[in-house]
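J.: 3D, please:
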Amino acid sequence: LFVKDFAARSQYAYEDYYRENVQATKALAEVMARLGREWQLVFTSTAFLYHQARDTGVVDPLEAYARSKLEAERLIEGLQVPWTILRPARVLGLSRVADHGPVSAAPEVLHRELVRQLATGEIPIDIVSTLLRDALFQRRLRIEGADTTRSYLHLEDLAGAVLHHLAAGAARRVKYDLSTSEPTNLAAVGREVVAALGHWGIPCELEAKVLPGKDMVVPETRGVQEWQPVCDPSIAVIRRATEEYTAAIAAGLG
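T.: Numbering: from 1, shown residues only. I've put the predicted structure just below:
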């Protein structure tokens, strides 16, 4: 729903996110209580809880998605089971890389395959796959707000953080921000996409337009002992995700 909201914000209401993030979490908690076992809960929230006050650590979510995550956090805080709340930055990646050489298919074919994989959920809809789709379709890539800064986290690193806290087995009742050590801007993302397409023999021009004042950097990883993202910094996350997505496209072409 968050991804779809990014594409068409008027499509969903707060109630849609509340159902998925709050009511579903409550239902899970009720099952845990009914079974009466020793449980611990690791909840993946979001760094979107921070808006302008992110540097102070004060949460002030603007959008329905983040507000529903905050409501779920408040629900979890009242549970009797041990819990840990993780607030990851933007998460990218497939957690797998297909090993394929350069493909000779036309850009139109690659574009069609990317759209198919997006539709079937094989590739997540995010900034990398969206720029890949635009570049394949238009033969050029135009980015407005190229100086907009974001922090990214690879899917496997998020999974690693979840597993780390489950394995710890202690009643923590704490919250952690998760991100890489250094954010990157959209111009750098665009350059990685163009480079990846060049690897597959598809020339693409990049036009980057700066829109000052659009930066939003989420907090760096803090308070998490014995865990750090393997794919770091953010540009490395972008590069790896781009390689994974283009390899997945090639694999889909058979």
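J.: May I see the buried residues of stretch 189-196?
T.: Residues 189, 190, 191, 192, 193, 194, 196 are the ones in stretch 189-196 that count as buried (16 or more other CB atoms under 10 Å). No exception for glycine: its C-beta is placed from N, CA and C like everyone else's.
J.: contact partners of that stretch?
T.: 127-128, 131-132, 135, 141, 143, 146, 204-206, 208, 235, 238-239, 242-243, 245-246 (CB atoms under 8 Å, 6 or more residues apart in numbering).
J.: Send me that stretch as PDB with only the CA atoms.
T.: Provided in PDB are the C-alpha atoms of stretch 189-196 (Å, rounded to 0.1, in the frame of the first residue of the first chain):
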ATOM      1  CA  VAL A 189      21.000   6.900  -8.200                       C
ATOM      2  CA  GLY A 190      20.400   8.000 -11.800                       C
ATOM      3  CA  ARG A 191      24.100   7.500 -12.700                       C
ATOM      4  CA  GLU A 192      24.000   4.000 -11.400                       C
ATOM      5  CA  VAL A 193      20.900   3.200 -13.400                       C
ATOM      6  CA  VAL A 194      22.400   4.600 -16.600                       C
ATOM      7  CA  ALA A 195      25.600   2.600 -16.000                       C
ATOM      8  CA  ALA A 196      23.700  -0.600 -15.500                       C
END
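J.: now the contacts of stretch 189-196: which count as buried?
T.: 127-128, 131-132, 135, 141, 143, 146, 204, 206, 208, 235, 238-239, 242-243, 245-246.
J.: ok, residue 156 touching residue 230?
T.: Yes. Counting by CB atoms under 8 Å, residue 156 does reach residue 230; the two are 7.1 Å apart.
J.: hang on, the earlier thing: narrow the buried ones among the contacts of stretch 189-196 to those in helices?
T.: 127, 128, 131, 132, 135, 235, 238, 239, 242, 243, 245, 246 (DSSP state H).
J.: quick check, nearest of these to residue 18?
T.: Minimum distance to residue 18 across these is 25.8 Å, recorded for residue 127 (CB to CB).
J.: any idea of the mean pLDDT for the helix or strand containing residue 91?
T.: Using DSSP states H and E, residue 91 sits in strand 90-92. Across strand 90-92, the average pLDDT comes to 91.
J.: neighbours of residue 160, just the number please.
T.: 17 (other CB atoms under 10 Å).
J.: residues contacting it?
T.: So residue 160 contacts 227, 229, 230 (CB under 8 Å, 6+ apart).
J.: do residue 14 as well
T.: Counting by CB under 8 Å, 6+ apart, residue 14 has contacts 64, 67, 68.
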